[in-house]
Every structure is written in structure tokens, then in C-alpha cells.
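Undergrad: Quick one, fold the following:
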Amino acid sequence: MQVLLSSAILGAMACSGGVTCSGCGGAPLGPIPGGFDPAAQINLGIQARLTNSGAGFIGSEFPDLVRAYARMKCGPSEEVDCPDRFRDVQGAPAPTSCDPVELECVGPTGSSEPVLGFPIDRTESSGAIVCRDQPTDPIPSVRECAAWLRLEGLQLSPLAPNQVRARVTVQIYTTQIPFRYDPLNADCLLEVDSSRGSSRLQDFEVTAELRPYAGPDGGQLEVAITDVATPSIENEDLTIQRDPVQADGLEIFCRVADIPQLQPLIVGIFARQLGDILDTEIRKALGWRCGRADDLPCPRASTCNSKGYCENGSGLVVPQKLGTEGRLDFATLLGGLAPPTLGSMDISFLVGGQQSADAQGVTLGIRSGMEAGERDLGCALDLPSPRTRPGFSPPATFPVEDKVDLDFDGARETPFMVAAAMSDVVLDQAMWSAYSSGLFCQTISSYDIDLLNTGSMAVVIPSLRLLTHQDLDPRSIWPAAIRMAPGGEPRLRIGAGHLENGEIVEPLLTLEIPRMHMDFSAMVEERWVHLMTVESDLQIPLGLETNPANELEIVLGEVTLVDPQVTRSEILAETPEELEDSFPMLIGTALSQLSGSLAAPFGLPSGSELGGFTMEVLGIRGVDVGGRHRFVAAYADLGFDASLAPALSYAVETHAKLERLVVPPSAEMSIARKGGPIIPTVELGVPSESETGRPLEHQVRLDGGAWSFFSRGSVIGLNRPELLIQGVHELEVRSREVGRYRTLDATPVKLTIRIDTEPPVLSVREADQGATIDAFDVVSGENVQIEVVTSAGVREGKVGFVAIEELGREGLVEVRAIDEAGLVTSVVLQPAVEPQVTSAAGCRCTASPRPESGWLLAIFAMLLLSRVARTRRAIRSVAGFSFRSRGPEGPPPTTEA
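TA: Got it, this is the predicted structure:
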């Protein structure tokens, strides 16, 4: 159920970027061969609602939105400089300058400011020529025509049927713009500066239309700027004077120029330029990216332009597909619980189709689709998709409202900013797809649940004790299993979602499974034996709750069995009526295991997924339309965190390699060492600059823990106590440009750090006509190499039995065990003499000659389990023969007889 609800109920909220195969709720989605069939998408299957209060919140956060998304770029490649004449809301100067690293216009504190700048194009209209200078004119140089805006406020107003009007409040100033006014034969300089007027501000009205994209294979939603206008520009904001460069006439001609007559021209210039900028920025924000490693190919009739966007034949950026699309692999989701025949389900939720606006807000349609990708016909009947059945009705329209009844008192008194609603039509598709894919056919056994065994079931079904002889031997406990298969297509019925003091008044959802067929079996006399069959209609109430981590959790109510029937239970002593009473406990155990796999908490869309916006869920309930609950809807308020806005710049590619690893001997890594243990040291080599020449900083984390602080330089030193632990550690490294969090590499480099100071344990045991060799290492495990060294040379050995002939009958025989770190333990077999210690530096052993048969007999009378010593050798002698163990420094070897 997690998959169905996380992918569908909040599909509208969950996906703000392009099409992704990762899913919105953590569902394991993969690509769909050939893509999702557009004909299978249901218009308005999910509907997202933005109310006027939500629009008002967006307006209140407008300056931060601009700082996050519309940072003014600067530098040699840009056409205009950063503005330096604006003032803040208190009237203090608020100049900006170009950050040499970010190449963005920033304020005195280094933070981004809500400013825009753009050149003004040459325009001829109504006898006037604005920005009249041309390269062919006999003047020293073409003068700059440019304007700058500081964005101060935004007010959004929905307009029926599918438009949004935005009143944008700005500060504005321009360069001195040369223009020619033919009616007066005047050559003048025009300048606009809103700070000279009484309000210091200027309003522009921008109208955007929400409509389906008409291009082939393009995205589902297009947002186009259809009109930009301004009521007027205050006369005080305009100054006109004679142009000293181009002027042919007198100063008085510019002074008597008809400013009211020039108003429409001036207004038109700024409106057109601002409209072009906004349209470009919106198309880029919604545009289909290309040219990067993970980008999809551009759709038909479009190409990848130089800025990394797919562009159609008209030069417009093609909108991307917004939403989630992919194939859900139930086997991956369920893991060990999945039967081998389990299929898959194809999911598609794309913003688009019908969009609408009204006096209370805007509704975005989500084209929704769920189809069986790979069917399990051994589990499910071959039924047609619900959308193709006779009598199919499309989704209802989500109610136009800005308040909701969340306490079920009959009054809509709770205002909300956004809502996302999934229709019952999509739920029907979800149930059919899951059923056809085999999701409802499961087998649960002792291998999945420890408590599902004959011992635990015997508490409920006492006759199991006799079948398994547990009455004679209390340890006679055997595995049990439950196999489930529905008798027909399940259904999710929407209710109000009304709870009172934790009790269900009316569940949000009720999962109805017709004639669920369940076979119970157990291991009896070392073979699987059928115990009984139960058939029953199941009704399972479901709800959705939000936890403190802002995750949605599916909650289950008490399962109701309708008309249960027990058959094929003759092997049990209990009557069918008695077995019916035991069944709810048993099926509850099985459903608990399944719900643990299918109903894990899933997070709401994060701020980064929603473009910097955060959500506070107010409530989730069923929505009544025409006397029947037709939607499951989640209601929320918005917040905004500019730091969570998606990255607008490229990510650094991390490069790192292990330069040096210093691992002390075991004794020096021990807490028994005087002065404490010496920690291994790691040194990594990393670049100090990016490919573009900007300085880099780096983070590391060990074994999936927390990331470190950033550090600079070409060498990273790591001296972490965790490295005292013997084993294979994973070290991750990621880089970014200094201070630029949006350039952080999302794919860290992973390095393997092996800490292993202990050699493998090697044992040799006597066996008939040979010996048995065994070796194990704490870090390498069973991956230990065996070598046998004789007078004939070195050959590869093996763990297990070794014949006498392989060991050799004369001279020394050495058996070596080598772990993955290259540490060696060896056992040396030789004719033994009485041990004589000749010096502190080592040991020497001698023995009198003995018959060959005694030599072999003595070898295999000895079992040696040794740990290695580097400077010290231990000698053991049995029946006149010695075994010598040697290797790196460590504790003395042990001998096992």
C-alpha cells in the first residue's frame, strides 16, 4: 500500500522536477520499455489546488524567490553591469557589485539581491526612435541603453478560465537613453528613475496562461506570458534633456516634448522587455534539459541548443515532463517475500491536461496512469483495465474551495494553501494493476516470521501438538506457512477518514478483497502437510498519519472477515467452527508481515523537491462529491527556505585517490598500550582547483556516517578512531567549489580502506592417510589462500583433506595461509629434536634420527592451531617431531592436540 499511496495520493505535490524513475515516495521505479502509453493516462486523475492564501504566501516570499531563482549574472560575458543606485525598504542605499567567484550581483554583505538588468533594444514607434545610436552614426561610440529592476513585491490573482495575473512591484532606473522625436525634430536623452517619484516604486501587470503543450513528444504543461502592462509611469520619474551628441534642434524642443504622449511608448518598451525576460526565465525553469550525462534525448522536432535546453523549430524551449513515470518492480519492493511469478506495474503522473483558474485559486490537473506492466496470470484473472470497461466515468472535478472541514463538525473553517487529491478512478486503476501483477498472492512462512511455526500455532490449534509429536518432545517445533490468493479483483473504497480519540468512525480507505483463499500448512514428519483452507471476504480499514519527521505512515485497523468458511481441515481435531475463531489471529500475523514491507513510512516532498517550498500537513480526508466520497485529499500550508531551492549551476566532479595508509602493529593499536592506542592514518590526494580554475573544498565520511567539515588543499589527512576497528572500511569523498553549495557533487567517490593487522588462523588436523587443513581470517573470512611448500617447490593448496603424497615424505613441509591483506601464517613440519634455546633472538630445534614411519605417524598425531608471531617463534614437539608456526608480530601461536 505504501507504493500505491505514495506514488498517487501526493503525486501532484511530490514531483516538481522533470520525469524521474526514482519515484516520489521512495518507490523502486525503473524505466518502462517504450515509455508509458499516453492513451492510458487519465486526465484529472490527480488534482492539485493552490488557493488565494497560498498565492498570497508566494507573494510574501517573492524577494526570496527571486534571490533563489533569478540571480542576476555579471562578468565580462554579460551585457549590463550590476545596479548600484537602488535603496532598500528603509530607504538606505542598496548597491550591488559583481562577486568575482559566483559571477552574480550581490549586496554589501555578499548575499544575492532581487535585481534584474537588461539591455533595451532599438525601437521605432509613433514618430519616435528609442536607443537611436547605431554603429554607422558619426558619433564616438554607441551609447548603452539599459534598465535595471529591483523586485519588491508580488500579488497573484487567478483569472478564469486558465490564467494567472501577477502584479509585480519594482524599483526601476535606466541609463540616459538617446531618442529621436520627429514631431518636434528633437534629439533628446530620456531617463527613468522611480526613486524620484512619490512612491519610489512602479507596478507591472504580468498575465500568464496555463495550457497543454502542443508540440510532439513534449511536456504536458506550458506556461506562457501573454501580456505585460503597467498603468503609468509617474511624470516625476521621467527626465528629458537635449542630446549633446545627436541633437540638431534646440534644448527647448526636448523640454516641451509631450511626455503624456510618450507614456505609451515608454510603457511599451519596458513591458515588452520585462515580458521577454519573464517568459525566458519561466521556459528555462520548466524547460527540457539536454546535453548532460543523465538527461533524456530531446523529443521529436527539437534539438539541444548551446545553453543545454531542447529547442523547437520556433526557437522556444520545449517544456519538460513534470512528474513521475516508471515501472514498479514488486519483487524488489517485497524482497524475500516475493513469489517468483510476481509481475510489475507501470506508473505515470504528469502535470498537464486540463488546468483551470477561478476566484478562489488555481487547479492543476495531473494526468495519471497505472497499468499492469508484467501480469501474473497464475494469480489473477485476466480482466480488462477499468478505464476500458463499459460505463467508465472520468474523474469528478475537485471542489472549488479554500477552507476544509478537518474536525468533522460539518463546518469548513480551516483555511489551507495547497491541496492534492487523488480520485477514486485512479484508485480503481491502482487496485487492478496491483492485482493483475500478482501483488495479492503471497506465501508467508517461518522463514519470514519467526513466530509462524507449529509451536506458536499450537497455542491456537492444540491438535498440532499431536501431529508434530510436540506432546512427547517439547523441542519438536516445525515450520508453518500461509499461502494467500484473492478470489477476485480487490477494491479500495474511499471514506471520510473520521477518527475520534483514536477510534475509527469512518476509515479513510477500506481495502476490500473478495473471497481471499488461504491455505495453512506445516512441516510434519519432515514433509509439508496441508492443515486447512479458509475462504473469506476481507475488509481492511486503512488510514494515513503524519509523524514528526514529516513522513506519512499507513495505519491499519482491525481486519473484518465476512462469511469465513473452513474446509479441508480433517487432519486437525478441531471443528471448522472452532478453527474459524482462531483464524483472525493467524491472518493478522501474516498481514502484519506484509504491511511491514508495503506500509513503511514515506516522506513528503522535501524542500529541494518542491523548489525551496516546504509543507506542513494540516490533515488528510475523503472528499465528498455528489453524495459520494470521490477523492482522498491532503491539505497543507506552505513555507519557503531559499537554501532548499534546486541547484542552478553545475556540480563539481570529485576526484580522489588513496596516497598513503599507515597502519600500526596490533600491539600499538591496543587500548592496553601505554599512552593509548595509535590510530591508523589515511592520506588522500585531491585536486585543489576545479576544471574551471575555481578553488575546491572537500568532505569525507567513513562507513556511511556523518559528513566531515569541508577542508581545502591537495591532501586530506584522516585520523579517525573508527579506523581502529579491524575490517574493510568505506571512505566517501565529495567536492564543491569553495562556498558554493549548489556545486556539491551528488555522486561521491568511494574508496576502500582495509585495516587488518591479524594474520589468519591456521589449523592442521590428523586424518586417515593425510591431514585436514582449515583456515579463517577475521577480516577476510573464508577468503584465505593456502600454499604448500616442499623441497619440490611451492604449489597451491586447499582447505580440506590433503593426502600424505601431497605433503611429501622427506625434508621440511610448510603450510601457509595468506589472507586478503597479504598476512601469512605458516606451519613447518620437520623431524624433531629436543628444543634448545640458543639465544634470545630465536630458537633452534634438533632431534635424533627416527624411522620414516614414525616421522609420518608423529606428524598426523599433532593438531596445530596457531596465531602468528613476527619476532618470536613457538616450538611444540610431539613424538619427536616439531611444528613451527611463524608470521608477523602477534600473540604466541596456540597448539591444539
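Undergrad: CA atoms for contacts and neighbours, from now on please.
TA: Will do.
Undergrad: Could you look up the SS state of the closest residue to D424 other than its chain neighbours?
TA: The spatially closest residue to D424, leaving aside those adjacent along the chain, is R630, at 5.3 Å (C-alpha to C-alpha, 6 or more residues apart in numbering). Of the three states, R630 takes strand under DSSP: H, G, I helix; E, B strand; the rest coil.
Undergrad: quick one: low-confidence ranges for the stretch 251-400 of the chain?
TA: 251-253, 255-263, 265-267, 270, 331-342 (pLDDT under 70).
Undergrad: Which parts of it are helices?
TA: Along the stretch 251-400 of the chain, the segments classed as helices by DSSP state H, counting those that start in this stretch run 251-255, 259-285, 330-334.
Undergrad: Just give the strands next to the longest strand anywhere in the chain in its sheet, each with its orientation.
TA: When the chain is parsed with DSSP state E, its longest strand is strand 527-546. Partners of strand 527-546 in the sheet, by DSSP bridges, are strand 509-524 (antiparallel), strand 551-556 (antiparallel), strand 560-567 (antiparallel).
Undergrad: tell me which residues of it are tucked away?
TA: Buried positions in strand 527-546, judged by neighbour count with 16 or more other C-alpha atoms under 10 Å: 530-544, 546.
Undergrad: Of these, which pair is most distant in space?
TA: Maximum pairwise distance in those, criterion C-alpha to C-alpha, is 42.0 Å, between H530 and T546.
Undergrad: re the thing from before, so which of the strands paired with strand 527-546 is the most surrounded?
TA: Comparing those by mean neighbour count (mean count of other C-alpha atoms under 10 Å), strand 509-524 comes out on top with a mean of 20.
Undergrad: Domain ranges for the chain, per the record?
TA: Here the domain parsing of the chain from automatic domain parsing is 54-285, 288-321, 442-546+548-600, 657-755, 761-895.
Undergrad: Least reliable of these by average pLDDT, please.
TA: Mean pLDDT per stretch puts domain 761-895 lowest among those, at a mean of 59.
Undergrad: got a list of what the nearest residue to S536 once chain neighbours are set aside touches?
TA: Nearest residue to S536 in three dimensions, chain neighbours excluded: P564, at 4.2 Å (C-alpha to C-alpha, 6+ apart). The neighbours of P564, taking C-alpha atoms under 8 Å, 6 or more residues apart in numbering as the test, are 534-537, 580.
Undergrad: Mind putting those residues into CSV with distance to A420?
TA: Below are the contacts of P564 laid out as CSV (distance: C-alpha to C-alpha, whole Å):
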residue, distance to A420
V534, 40
E535, 37
S536, 35
D537, 32
E580, 42
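Undergrad: quick one: which of the buried residues of strand 527-546 is nearest L472?
TA: Nearest to L472 among those is L531, at 20.4 Å by C-alpha to C-alpha.
Undergrad: wait, the closest one sits on M523?
TA: No: contact criterion C-alpha atoms under 8 Å: L531 and M523 do not qualify, at 9.9 Å.
Undergrad: circling back: could you redo the domains of the chain as JSON lines and give each row distance to A39?
TA: As requested, those are arranged in JSON lines below (distance: least, C-alpha to C-alpha, whole Å):
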{"stretch": "domain 54-285", "distance to A39": "13"}
{"stretch": "domain 288-321", "distance to A39": "16"}
{"stretch": "domain 442-546+548-600", "distance to A39": "23"}
{"stretch": "domain 657-755", "distance to A39": "36"}
{"stretch": "domain 761-895", "distance to A39": "55"}
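Undergrad: tell me how far stretch 769-789 is from the chain's mean position?
TA: Distance, stretch centre to chain centre, for stretch 769-789: 43 Å (C-alpha atoms, centre = their mean, to the nearest Å).
Undergrad: Tell me which residues are up against that stretch.
TA: Here stretch 769-789 makes contact (C-alpha under 8 Å, 6+ apart) with 726-728, 756, 758-766, 794-804, 807, 813-821, 860.
Undergrad: likewise stretch 621-641?
TA: Contacts of stretch 621-641 (C-alpha under 8 Å, 6+ apart): 9-10, 54, 57, 61, 396, 398-399, 406, 416-424, 494-498, 508, 607, 612-620.
Undergrad: coming back round to it: let's have the strands paired with strand 527-546 in CSV, adding distance to G713.
TA: Output for the strands paired with strand 527-546, formatted as CSV (distance: least, C-alpha to C-alpha, whole Å):
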stretch, distance to G713
strand 509-524, 57
strand 551-556, 40
strand 560-567, 65
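Undergrad: so which of those strands gets nearest V362?
TA: Distance to V362, taken as C-alpha to C-alpha, is lowest for strand 551-556 among the strands paired with strand 527-546, at 25.3 Å.
Undergrad: And stretch 116-129, end to end?
TA: 24 Å (C-alpha to C-alpha, to the nearest Å).
Undergrad: Please disregard the earlier target; I meant stretch 394-410.
TA: The first-to-last residue distance of stretch 394-410 comes to 28 Å (C-alpha to C-alpha).
Undergrad: separation between L638 and P514?
TA: 41 Å.
Undergrad: Next: E113.
TA: 61 Å.
Undergrad: same thing with S356?
TA: Distance, S356 to P514, by C-alpha to C-alpha: 39 Å.
Undergrad: what number of residues lie near D37?
TA: The tally of other residues near D37 (other C-alpha atoms under 10 Å) stands at 12.
Undergrad: swap in the one 3 residues further on?
TA: A40 is flanked by 16 other residues according to other C-alpha under 10 Å.
Undergrad: For the closest residue to it other than its chain neighbours, give me its contacts.
TA: What sits nearest to A40 in space, not counting adjacent residues and going by C-alpha to C-alpha, 6+ apart, is G369, at 6.0 Å. Contact partners of G369, counting by C-alpha under 8 Å, 6+ apart, are 40-42, 45, 346-349, 426, 429.
Undergrad: one more time with 10 Å, if that's ok
TA: 8, 36-43, 45-46, 325, 346-350, 387, 425-426, 429-430 (C-alpha atoms under 10 Å, 6 or more residues apart in numbering).
Undergrad: Return the members of these classed as buried.
TA: Using 16+ other C-alpha under 10 Å, the buried members of the contacts of G369 are 8, 36, 40-43, 45-46, 325, 346-350, 387, 425-426, 429-430.
Undergrad: looking at the domains of the chain, which is closest to F330?
TA: domain 442-546+548-600 (9.7 Å).
Undergrad: Pull the distance from that closest one to the chain's centre.
TA: On C-alpha atoms, centre = their mean, the centre of domain 442-546+548-600 falls 34 Å from that of its chain.
Undergrad: what do you get for stretch 440-449?
TA: For stretch 440-449, the distance to the chain centre is 29 Å (C-alpha atoms, centre = their mean).
Undergrad: buried residues in it?
TA: Of the residues in stretch 440-449, those buried (16+ other C-alpha under 10 Å) are 440-446, 449.
Undergrad: gap between the two ends of it?
TA: For stretch 440-449, the first-to-last residue distance is 18 Å (C-alpha to C-alpha).
Undergrad: Helix, strand or coil: sort out G487 for me.
TA: Per three-state DSSP, G487 ends up coil.
Undergrad: can you pull the contacts of it?
TA: 379-381, 513-517, 535-537.
Undergrad: what does V715 give?
TA: Shown in contact with V715 (C-alpha under 10 Å, 6+ apart): 656-659, 683-688, 698.
Undergrad: Could I get these in JSON lines, plus columns for distance to C74?
TA: Below are those laid out as JSON lines (distance: C-alpha to C-alpha, whole Å):
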{"residue": "A656", "distance to C74": "32"}
{"residue": "K657", "distance to C74": "36"}
{"residue": "L658", "distance to C74": "39"}
{"residue": "E659", "distance to C74": "40"}
{"residue": "E683", "distance to C74": "39"}
{"residue": "L684", "distance to C74": "36"}
{"residue": "G685", "distance to C74": "34"}
{"residue": "V686", "distance to C74": "30"}
{"residue": "P687", "distance to C74": "27"}
{"residue": "S688", "distance to C74": "25"}
{"residue": "H698", "distance to C74": "27"}
